[in-house]
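one predicted model, sequence on top.
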Amino acid sequence: KEKVEITKEQEALMKLIVEAYNKHQIPQDVTKQLVRFYSTEENFLLLTEIATSQVQVLVEFTKNIPGFLSLDHEDQIALLKGSAVEAMFLRSAQVFSRKMPKGHTEVLEERIRKSGISEEFITPLFNFYKSVGELHMVLEEQALLTAITILTPDRPYVKDQQAVERLQEPMVNLLKKLCVLQHPQEPQYFARLLGRLTELRTLNHYHAEMLTSWRVNDHKFTPLLCEIWDVQ
Ligand SMILES: Cc1cccc(C)c1Nc1c(-c2c(F)cccc2F)nc2cccc(C)n12
């Protein structure tokens, strides 16, 4: 059984990805006052703020993925728009499952549940949050998994898929090695991580439905959210 070890260049790649991932954190002051009752409108406004800052964080992270800015510009946009929902679900799941200050997780969950989102979306959302939480991913795994999600070659409108594959493949190989090193007692851990990416794709559908229902109820979005999801 050959010894698994990270090469120097893999070490350098991981350092770049983790730095990019850590560079921008989402403001955690989601619950200014812990006890006040919030209206549905206030909760939706908060989630819109969080979603907008998540898109900003996503764009900054993506720009720092080695090689991303050398891709065809239109493909860069296609990858960002095609992966935004999945990357945001992943990051919000990681924020949600990471130890937030005592009581903040419960308040945030309450505010999500009371933000006018239909139950049919709430259930898969928290199921996903729970399944990510149960993985107890380390920061390096979270950052690499997010980069791998963004560098998915078969997003709509991507012209040069091979170029995207050439960036994604070293990340997948590195994540595979990391999983073996971080979870030696769990040989199927890497497969479980990739299984989350499959679950993520199903959430795209729910998210699109939710956007439509919000628009029908004349909810206001920020310009950035309108741009990333082609909403008027
Ligand atoms: C921040 C947040 C956290 C949990 C649930 C929700 C509904 C949100 N907020 C939104 C999300 C979104 C996201 F940001 C991360 C994960 C899943 C998401 F549905 N997408 C959008 C798109 C337009 C407006 C909002 C308010 N919004």
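Arrived safely, thanks for sending.

isn't residue 38 up against residue 114?
Yes. Look at residue 38 against residue 114 with Cβ atoms under 8 Å: they come within range, at 6.9 Å. Glycine gets a C-beta too; all of them are placed from N, C-alpha and C.

shaky segments in this structure?
1, 25-36, 99, 102 (pLDDT under 70).

could you show which parts of it are in contact with the ligand?
Within reach of the ligand by Cβ under 6 Å from any ligand atom, the chain has these residues: 47-48, 50-51, 54, 88-89, 92, 112, 117, 125, 207, 211, 221, 225.

buried residues, the helix or strand hosting residue 95. List them.
Taking DSSP states H and E as the criterion, residue 95 maps to helix 73-97. Neighbour counts over helix 73-97 (16 or more other Cβ atoms under 10 Å) mark 75-76, 78-97 as buried.

again with stretch 225-232
225, 228, 229.

for the residues you listed, which one is nearest the ligand?
Nearest to the ligand among the buried residues of stretch 225-232, counting by Cβ to the nearest ligand atom, is residue 225 at 4.9 Å.

check which helix or strand the closest one maps to.
helix 223-228.

let's see that helix as PDB, backbone CA atoms only.
In PDB, the C-alpha atoms belonging to helix 223-228 read as follows (Å, rounded to 0.1, in the frame of the first residue of the first chain):
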ATOM      1  CA  PRO A 223     -29.000  44.400  -8.300                       C
ATOM      2  CA  LEU A 224     -26.200  41.800  -7.700                       C
ATOM      3  CA  LEU A 225     -28.800  39.100  -7.000                       C
ATOM      4  CA  CYS A 226     -30.700  40.100 -10.100                       C
ATOM      5  CA  GLU A 227     -27.600  39.900 -12.100                       C
ATOM      6  CA  ILE A 228     -26.300  36.600 -10.900                       C
END
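
which stretches of the protein form helices?
For the chain, applying DSSP state H gives helices covering 8-23, 40-63, 73-97, 104-113, 119-133, 139-150, 161-182, 189-216, 223-228.

so which of these is nearest residue 2?
Residue 2 lies closest, by Cβ to Cβ, to one member of these: helix 161-182, at 11.1 Å.

residues contacting the residue nearest to residue 115 when sequence neighbours are not counted?
Once flanking residues are discounted, residue 115 sits nearest to residue 43: 3.8 Å by Cβ to Cβ, 6 or more residues apart in numbering. The contact partners of residue 43, taken as Cβ atoms under 8 Å, 6 or more residues apart in numbering, are 111, 112, 114, 115, 116.

filter those residues to the buried ones?
111, 112, 115, 116.

which one of those is nearest to the ligand?
Nearest to the ligand out of these is residue 112 (Cβ to the nearest ligand atom; 4.9 Å).
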